[in-house]
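1. Provide a 3D model corresponding to the input given below.
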Amino acid sequence: MQQPEVVLEMRGASKRVVEGVNHSYRAFYDLSLEVFAGERIGIFAANGFEAKALVACLSGVEPLDAGTVEHNASVSWPLGTNDAFLGKLSGYVNARFAADVYSLPGQIDEDIRLIRELAGVDESMFHEPLAGWPSALRDSLKLAVPLAFEFDVVMVGRISGWNHRAIHPHSVRIRKCFEQRIEGRTLVVCGNGQSDLAIDYCEEGLALVDGKILYRGDPEVCMKMVKEESRRQKERRRERVSKRVAKLVGNDELDDSELDDSLEVNASDDVLVLR
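-> Reported below is the predicted structural model:
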């Protein structure tokens, strides 16, 4: 039997996520991964930013700090995310720009019509500046634009405003298009915050813990593993915070109510940060 083609290949990859001015967090470190044609993989992480960063780096929209990512097929940007949209321009102009790049010859007008239909906006609003749209419709456009085109590898970021299990006509219309786009293709889904989507459509999962792939297999097992790890991390953080508070107030044995009071008192001093 012929071995499936490797469509995504990551080697020795590392990425830190910057938050604010003085904070950065390691999303993954020295990570290697192969994704084969036709695989459907959900990525689950103990911290949501880890899964989001891995999907973004695999798709190529975020650069790595170290290592490489190779694409051997056409790869979408993460569905549901698009920081390239310009609010001063209309929905039509933003959609037209994408269509000029990704549409097949002779398909531009049809693809733009599909984008408007999937976004759920009328012709008048479609030609209004995007900055004036309700946030829910802007989120719909972020999802609609990549669904209008065919990619060998479909990447799914954190989607807002769409419940794939809902029976509302708009949700059903998006679901039908989504299922058409992933039929016979490779799928990679950020499972954090949308585990139902990953469980329903993915046959395999990755459990990302402390920047490493701890397990690759059953998506539901991955989800349980990262939930348990997330719980353990919260408990460890709470223990560290408790010790720091006890040291600050000169009391080594604080109960929960006293700890909560101390956290509230010291929060404005940025002494204690829970993440």
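
2. CA atoms for contacts and neighbours, from now on please.
-> Will do.

3. ok, residue 236 - how many residues close by?
-> 12 (other CA atoms under 10 Å).

4. any idea how far it lies from residue 248?
-> 19 Å (CA to CA, to the nearest Å).

5. now swap in residue 33 and tell me
-> The value you get for residue 33 to residue 248, if CA to CA is used, is 45 Å.

6. repeat for residue 167
-> In terms of CA to CA, residue 167 sits 54 Å off from residue 248.

7. Who are the contact partners of the closest residue to residue 103 other than its chain neighbours?
-> Using CA to CA, 6 or more residues apart in numbering and skipping the chain neighbours, the partner closest in space to residue 103 is residue 149 (6.5 Å). Taking CA atoms under 8 Å, 6 or more residues apart in numbering, we find residue 149 in contact with 102-103, 111.

8. What is the three-state secondary structure of residue 149?
-> Here residue 149 is coil, with the state taken from DSSP: H, G, I helix; E, B strand; the rest coil.

9. Need the phi and psi values for it.
-> Note on residue 149: backbone dihedrals following degrees, to the nearest 10 are phi -120, psi 160.

10. before we move on, what about residue 85?
-> phi -60, psi 140.

11. So which residues of the stretch 51-200 of the chain form strands?
-> Here the stretch 51-200 of the chain has its strands, by DSSP state E, counting those that start in this stretch, at 66-71, 153-156, 186-190.

12. Residue 13 is in contact with residue 31, correct?
-> Yes. Counting by CA atoms under 8 Å, residue 13 is a contact partner of residue 31 at 4.8 Å.

13. Run a quick neighbour tally on residue 106.
-> Neighbour number of residue 106 under other CA under 10 Å is 8.

14. what ranges do the helices span in the stretch 101-250 of the chain?
-> Applying DSSP state H, counting those that start in this stretch to the stretch 101-250 of the chain gives helices spanning 108-119, 123-126, 135-147, 169-182, 195-201, 219-249.
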